[in-house]
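Visitor: Starting from these lines, generate the structure:
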Amino acid sequence: MGNGKQVAAGMALALGAVLAVTGCGSGTGAGAGAGAGGPASSPASSQEPASDAAKTTALLQLNEQLRQKLGPAYSESWIEGTVLHVAVTTQAAKKIVTGAGAVPLLVTFNASQLEAAVRAVSRWQSTLPAVQGRAIHKIIPDGRAGTVTIYVAAEQIAAVTRAAATDKPAGNVPLLIKESAGLPTPL
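Guide: Predicted coordinates:
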């Protein structure tokens, strides 16, 4: 198997696991078909996961092809149901995505710009007073919305919000600040 196929297969398995845990990807939700004794054993239900995995693999391969073809016009992709959606930054890229059978979304920032904003926010985090820097638990890009979101411990959210308003660490990429219930990221 070629390296690209191995990556796609690995991504399909990981996505399949996420979908199985969250109940996404099947029209019936988590635990559907499972009784008190375990999963249903009808022939249709035993064939469905293999079919879903094949569809997911095909969508992931299409996404990788589009990512390479679109280059800097690519921002992000996601799968809803059995449909690949791709966020792009140009009309030409939008046409390519549509022609490939996926659903395009025209956005402002590409993947490289968002990742650069994430790196800038991470550098900014290290310049904050230690208590504020440690309170930032997660920094993530969102290609669909064209934002970077940071998750901050409740007790420091006001201080981090003030510092971000002053410093504008993400540059021209909008920065969203949300309360975090999670564990901090190491500096």
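
Visitor: can you list the weak-confidence ranges in this protein?
Guide: 1-50, 184-187 (pLDDT under 70).

Visitor: Sort out which residues of the biggest helix by length in it are buried, please.
Guide: Criterion DSSP state H: the longest helix present in the chain is helix 43-70. For helix 43-70, a neighbour-count test (16 or more other Cβ atoms under 10 Å) marks 52-53, 56-57, 59-63, 66-67, 70 as buried. Heads up, the C-betas are built off the backbone N, CA and C, glycines and all.

Visitor: Kindly indicate which of the residues you listed lies nearest Thr98.
Guide: Nearest to Thr98 among the buried residues of helix 43-70 is Leu66, at 10.8 Å by Cβ to Cβ.

Visitor: hmm, back to that, and the longest helix of the chain, how far from the chain's centre?
Guide: 17 Å (Cα atoms, centre = their mean, to the nearest Å).

Visitor: sorry, back to before: out of the buried residues of helix 43-70, who's nearest Trp124?
Guide: Nearest to Trp124 among the buried residues of helix 43-70 is Arg67, at 28.1 Å by Cβ to Cβ.

Visitor: quick one: the helices in the protein?
Guide: 3-22, 43-70, 91-99, 111-127, 130-135, 157-167.

Visitor: which secondary structure elements does the longest one contact?
Guide: In terms of contacts (3 or more Cβ pairs under 8 Å, 6 or more residues apart in numbering; DSSP states H and E), helix 43-70 is packed against helix 3-22, strand 74-80, strand 83-88, helix 91-99.

Visitor: Restricting to C-alpha, output the third one in CSV.
Guide: Output of strand 83-88 as CSV, limited to C-alpha atoms (Å, rounded to 0.1, in the frame of the first residue of the first chain):
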residue,chain,number,x,y,z
VAL,A,83,-20.8,14.7,2.2
LEU,A,84,-17.3,16.4,2.2
HIS,A,85,-17.4,20.1,2.8
VAL,A,86,-14.3,22.2,2.0
ALA,A,87,-13.6,25.8,3.0
VAL,A,88,-11.7,27.7,0.4
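
Visitor: Tell me which residues of that strand come out buried.
Guide: Here strand 83-88 shows 84-88 as buried, counting by 16+ other Cβ under 10 Å.

Visitor: Tell me the one among those nearest to His137.
Guide: Ala87 (25.0 Å).

Visitor: Who is that closest one paired with across the strands?
Guide: Counting by DSSP bridges, Ala87 is bridged to Glu76, Leu105.

Visitor: What's the separation between it and Ile157?
Guide: Going from Ala87 to Ile157 by Cβ to Cβ, to the nearest Å gives 28 Å.
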